[in-house]
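# coordinates for the following, if possible.
(one chain, ligands or ions: 1)
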Amino acid sequence: MNSPLHHAFASRGTSPADAVALVASGMRVFVHGASATPTPLLEALAARDDLDGVRLYHLHTAGAAPWTAPDIASRIRSVSLFTGSALREPVADGRADFIPVFLSDIPALFLSGTIPLDVAFVQVSPPDRHGYCSLGTSVDCARAAVDSARFVVAEVNRQMPRTHGNTALAFDRIDAFIVTDRPLAEHALSQETDVEARIGEQIAALVEDRSTLQVGIGAIPDAVLTRLKGKHELGVHTEMFSDRLVELVESGAVTNRFKAVHPGRIVTSFVTGTRKLFDFVNDNPLVEFHACDRTNDTALISRNPRVVAINAALQVDLSGQVCADSIGHRIYSGIGGQMDFIRGAARSRGGKPIIALPATAKGGTISRIVAELSPGAGVVTTRGHVHWVVTEFGAVNLHGLSLRERADALTSIAHPDFRAELRREARHSAR
Ligand code: COA
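Predicted coordinates for the structure are as follows:
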């Protein structure tokens, strides 16, 4: 830290209030997501009472979202491209907005000017000796945001990992910054339930040696990863990963030797997890972070052999339509990369697109396999794209099955308490 650049870096940092001063009324601001959420900048922005008509565009952000409080939301409006837990209620209340969009398409929204960004708020690692910060744990659509926004405002966090891949941000590109030294927001591992364990076993049985893995968000993909340690020569090309993948790498099951795209490397767009995960990706050339229009490019995904895409769902109807972003009308998450990878896996040689979900919700009182989706439910994976569906009661492949055969197959993996009702209802729906 003795170069002139580092001297400038250490002395030029400003206060959060000064850093956000270049935001003016009516501006569109991108906000870095997940563990890279620049919380001090957001808090400083929320504290300003002179702004009107500012819009924040973001994926899921970590921690509370003070800018969605009713008195602030009238001045600073949040627009989720993927809804995290803090934004569910504001979106449901109409204090915040949600855009349904494939993750792979978001960079083009920014780069084409369809959503013209004025400012990008990011959290980055300190500049290296070449004068580059790194976008750290989330490259996803932050890459396009810093490449297209008029201004870049950064939290330069000494604890943000310096990651490899397409992560470099020239220090000179930053218009205002604060310097912090704080732990990244962590996402703790949850205790696996019996249902998740049984789903994990079903899916692990489908994974062949030399497969290329994509693991989606949540407890089910985690339950699969813990059961793959006996496999051989696995590869990873995914949108995101968590601590469980680190354990799989440590087991020796991941070599990336048989991948066609970026062989020898784990490819991802962002990570979320604990300190152990952040240490793993820090300055680790094994892990390449790329923008989500690359990681989630269906054509690129399909070039890898035996792509196994493992994604969770909230509800599936008897024809195979998969709801994954809402519970009825209530927006729960987003489209994310589910379709990008489900289609990419379907087109890969020997690929297996997998949708997994517990058979019931609300303490076993309702079936997640239903004759008809709830009003308002968002179809993320269509019945034309769906292949494997897995619950704790089994795994069925719907590809090539008629509507009647699909109804029978899906009923066979529903919870036994709901099967008679589903058979009755199936007789009344189109077959
Ligand atoms: N009706 C009512 N409530 C339901 C329900 C249903 N059909 N299905 C689920 N729920 C409730 C659950 O009971 C749970 O409630 P709780 O938090 O009170 O226990 C909650 O909704 C969440 O369900 P769960 O199955 O635990 O969700 P998850 O955290 O495993 O996430 C998705 C599942 C589908 C939301 C998540 O994978 C997602 O956002 N997918 C879309 C994007 C994607 O797949 N991207 C892939 C690349 S990363």
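
# alpha carbons only for contacts and neighbour counts from here, please
OK.

# quick one, helices of the stretch 251-400 of the chain?
275-281, 292-295, 298-303, 338-347 (DSSP state H, counting those that start in this stretch).

# so of those helices, which one's packed in deepest?
Stretch with highest mean neighbour count among the helices of the stretch 251-400 of the chain: helix 338-347 (a mean of 26; mean count of other C-alpha atoms under 10 Å).

# which elements pack onto that helix?
For helix 338-347, the packing partners by 3 or more C-alpha pairs under 8 Å, 6 or more residues apart in numbering; DSSP states H and E come out as helix 298-303, strand 307-312, strand 352-356, strand 379-381.

# need these in CSV (columns: distance to the ligand and mean pLDDT).
Output for the helices and strands packed on helix 338-347, formatted as CSV (distance: least, C-alpha to the nearest ligand atom, whole Å; pLDDT from 0 to 100):
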stretch, distance to the ligand, mean pLDDT
helix 298-303, 13, 98
strand 307-312, 4, 97
strand 352-356, 9, 98
strand 379-381, 8, 98
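
# mind giving me a markdown table with those and columns for distance to Gln191?
Formatted as a markdown table, the helices and strands packed on helix 338-347 follow (distance: least, C-alpha to C-alpha, whole Å):
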| stretch | distance to Gln191 |
| --- | --- |
| helix 298-303 | 31 |
| strand 307-312 | 17 |
| strand 352-356 | 18 |
| strand 379-381 | 27 |
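
# out of these, deepest packed?
With a mean of 28, the top stretch among the helices and strands packed on helix 338-347 by mean neighbour count (mean count of other C-alpha under 10 Å) is strand 307-312.

# in its sheet, what does that strand sit against?
Strand 307-312 pairs in its sheet with strand 212-215 (parallel), strand 352-356 (parallel), by DSSP bridges.

# sorry, back to before: including distance to Phe258, could the helices of the stretch 251-400 of the chain go into a markdown table?
Output for those, formatted as a markdown table (distance: least, C-alpha to C-alpha, whole Å):
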| stretch | distance to Phe258 |
| --- | --- |
| helix 275-281 | 22 |
| helix 292-295 | 17 |
| helix 298-303 | 11 |
| helix 338-347 | 15 |
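
# what does this protein put close to the ligand?
Residues of the chain lying close to the ligand by C-alpha under 6 Å from any ligand atom are 216-219, 239-240, 311-315, 324-325, 327, 333-338, 361-362, 368.

# in strands only, show me those.
Assignment to strands by DSSP state E places the following of the residues of the chain next to the ligand there: 240, 311-312, 315, 327, 361.

# do you know how far the residue nearest to Asn166 when sequence neighbours are not counted is from Gly400?
Nearest residue to Asn166, sequence neighbours excluded (C-alpha to C-alpha, 6 or more residues apart in numbering): His290, at 5.2 Å. Distance, His290 to Gly400, by C-alpha to C-alpha, to the nearest Å: 34 Å.

# so which of those two has more stuff around it?
Neighbour count, other C-alpha atoms under 10 Å: between His290 and Gly400, His290 has more, with 23 against 10.

# what does the pLDDT read for the spatially closest residue to Arg150 that is not a sequence neighbour?
Once flanking residues are discounted, Arg150 sits nearest to Asp118: 4.9 Å by C-alpha to C-alpha, 6+ apart. We note a pLDDT of 98 for Asp118 in this prediction.

# now Ala8
Predicted confidence (pLDDT) for Ala8: 64.

# do Lys276 as well
97.

# now do it against the ligand, distance only.
20 Å (C-alpha to the nearest ligand atom, to the nearest Å).

# one more: Ala24?
33 Å.

# what is the neighbour count of the residue in the stretch 101-250 of the chain positioned nearest to the ligand?
Here the stretch 101-250 of the chain gets closest to the ligand at one residue, Gly216, 3.6 Å apart by C-alpha to the nearest ligand atom. By other C-alpha under 10 Å, 23 other residues sit near Gly216.

# distance of the spatially closest residue to it that is not a sequence neighbour relative to Val215?
Using C-alpha to C-alpha, 6+ apart and skipping the chain neighbours, the partner closest in space to Gly216 is Asn311 (4.9 Å). Separation of Asn311 from Val215 (C-alpha to C-alpha): 7 Å.

# what's next to stretch 396-414, contact-wise?
Stretch 396-414 is contacted by residues 318-320, 359-360, 367-369, 386-395, 419, 422-423, 426, 430-431 when judged by C-alpha atoms under 8 Å, 6 or more residues apart in numbering.

# stretch 310-318 too?
Here stretch 310-318 has contacts from 213-218, 220-221, 322-327, 338, 353-357, 368-373, 403, 406-407, 410-411, 426, using C-alpha under 8 Å, 6+ apart.

# try 7 Å
214-216, 220-221, 322-324, 338, 353-357, 368-373, 406-407, 410 (C-alpha atoms under 7 Å, 6 or more residues apart in numbering).

# please apply the same query to stretch 323-333.
82-84, 88, 92, 313-316, 334-335, 374-380.

# before we move on, what about stretch 201-221?
Contacts for stretch 201-221 (C-alpha under 7 Å, 6+ apart): 196, 200, 224, 227-228, 231-238, 240-241, 258-259, 304-312, 394-395.

# just the buried members of these?
With burial judged by 16 or more other C-alpha atoms under 10 Å, the buried subset of those is 196, 200, 224, 227-228, 231, 233-238, 240-241, 258-259, 304-312, 394-395.

# sorry, back to before: look up how far Gly200 lies from the residue nearest to Gly216.
12 Å.

# immediately after the lowest-mean-pLDDT helix or strand in the chain, which helix or strand?
Ranked by mean pLDDT, DSSP states H and E, the weakest helix or strand in the chain is helix 4-12, scoring a mean of 64. On the C-terminal side of helix 4-12, the nearest following helix or strand under DSSP states H and E is helix 16-19.

# just checking, what packs against that next one?
helix 39-46, strand 176-180 (3 or more C-alpha pairs under 7 Å, 6 or more residues apart in numbering; DSSP states H and E).
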